[in-house]
Every structure is written in structure tokens, then in C-alpha cells.
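Novice: model this:
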Amino acid sequence: MDIRQDDPKAPHVADLLKHHLEELRSVMGEHAQALDASGLSDPAVTFWTVWHGDALAGFGALKQLDDVHAEVKSMRAAPAARGTGVGRAILQHIITEARKRGYARLSLETGTAPLHAPAVSLYRSAGFVSCEAFADYQASPHNQFMCLELSD
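Specialist: All right, here's what the predicted structure looks like:
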């Protein structure tokens with residue numbers, strides 16, 4: 001697996017990002033909080049793609065919230081790459097990068113639908129625990145919040 005910093009507006013990202021947004025919106029409707037290519041292009045966001053050879057296998061992003069707090073954004077494995085370790089690889093990459101940048105806390109927002117169960121399991125296996133809403137998020141029955149303390 002090769003993880004590269006990338007441009008979320010790049011043509012090779014478009015189909016997987018579209019699939020990601022459509023699937024989340026089909027389950028969560030207006031409660032879907034995923035960023036589109038413009039949102040993922042914000043200067044506070046670093047976006048990476050994961051590759052198996054020349055095939056796009058997934059993506060993920062890290063958003064700086066303040067000097068000590070960041071957020072995992074828009075993690076997605078391509079349908080053909082599910083179960084191959086892509087999600088774990090990009091999550092570990094994001095955690096490692098957050099530590100390198102000196103963040104004390106890494107947070108995320110995800111859904112509560114059955115579609116989200118594998119992601120929640122992955123996050124918990126990496127040490128994330130449930131927490132209160134953060135940043136500008138509002139708690140609802142459709143979302144849940146998790147965090148990982150990075151400071152020793």
C-alpha cells in the first residue's frame with residue numbers, strides 16, 4: 001500500500017468521493033457531515049489517497065481544529081478494497097501525522113447506522129473512545145463522536 005498526500009479535486013478521486021457522499025447521504029440524509037472536494041481542499045485539511053499498485057484503494061483526511069486538536073475526516077475504502085487493511089492503514093497514517101504535528105487530541109464524527117459499524121469497530125480498535133460533540137457539531141440520533149488522546 002502506498003499513501004500519498006493528494007488533491008481531493010483530482011479526477012482520480014472524483015468517483016470514489018462521489019460514491020462516499022452518495023452512500024452517506026442515502027443513509028443519513030441531511031445529517032451527513034462528510035466534506036465534498038471543496039471542503040477537503042480547505043487549507044486546514046490534509047488529504048491522502050491510498051493506492052494498491054495503480055488502483056485507488058481509499059482516502060482519508062486530517063483537519064486542524066486548533067493548535068492541539070485535530071479531526072479525522074472522510075475516511076473511505078474503495079468497495080473493491082474493503083477488508084484489505086486500507087482503513088487501518090489510512091487511520092494509522094492519520095494518527096501518526098497528528099502526533100508528528102503535536103496535537104494532543106484527535107476527534108471524529110461518524111454515523112450510528114449499521115453502515116458505520118465496521119468504521120466504529122476500527123476506531124475503537126485504534127483506541128478511540130466515545131466523547132461529547134466537538135467543534136461546531138450538534139449531537140443527534142444520527143451521529144456519534146469519538147476521540148483519541150495523543151498526549152502521554
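
Novice: Return the residues in contact with Trp48.
Specialist: The contact partners of Trp48, taken as C-beta atoms under 8 Å, 6 or more residues apart in numbering, are Ile3, Arg4, Gln5, Asp6, Phe59, Gly60, Ala61, Ile90, His93, Ile94. All C-beta spots, glycine's among them, are computed from the backbone N, C-alpha and C.

Novice: top helix in this protein by residue count?
Specialist: helix 11-28 (DSSP state H).

Novice: Now do it: distance to the chain's middle.
Specialist: When distances are taken as C-alpha atoms, centre = their mean, to the nearest Å, helix 11-28 is centred 13 Å away from the chain's centroid.

Novice: circling back: how about TSV for the contacts of Trp48, with neighbour count added?
Specialist: Formatted as TSV, the contacts of Trp48 follow (neighbours: other C-beta atoms under 10 Å):
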residue	neighbour count
Ile3	20
Arg4	10
Gln5	9
Asp6	19
Phe59	26
Gly60	23
Ala61	23
Ile90	25
His93	16
Ile94	24
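
Novice: any low-confidence regions in this structure?
Specialist: Within the chain, the stretches with pLDDT under 70 are 28-33, 152.

Novice: where along it do the strands fall?
Specialist: Here the chain has its strands, by DSSP state E, at 2-5, 45-52, 55-64, 69-77, 105-111, 129-130, 143-149.
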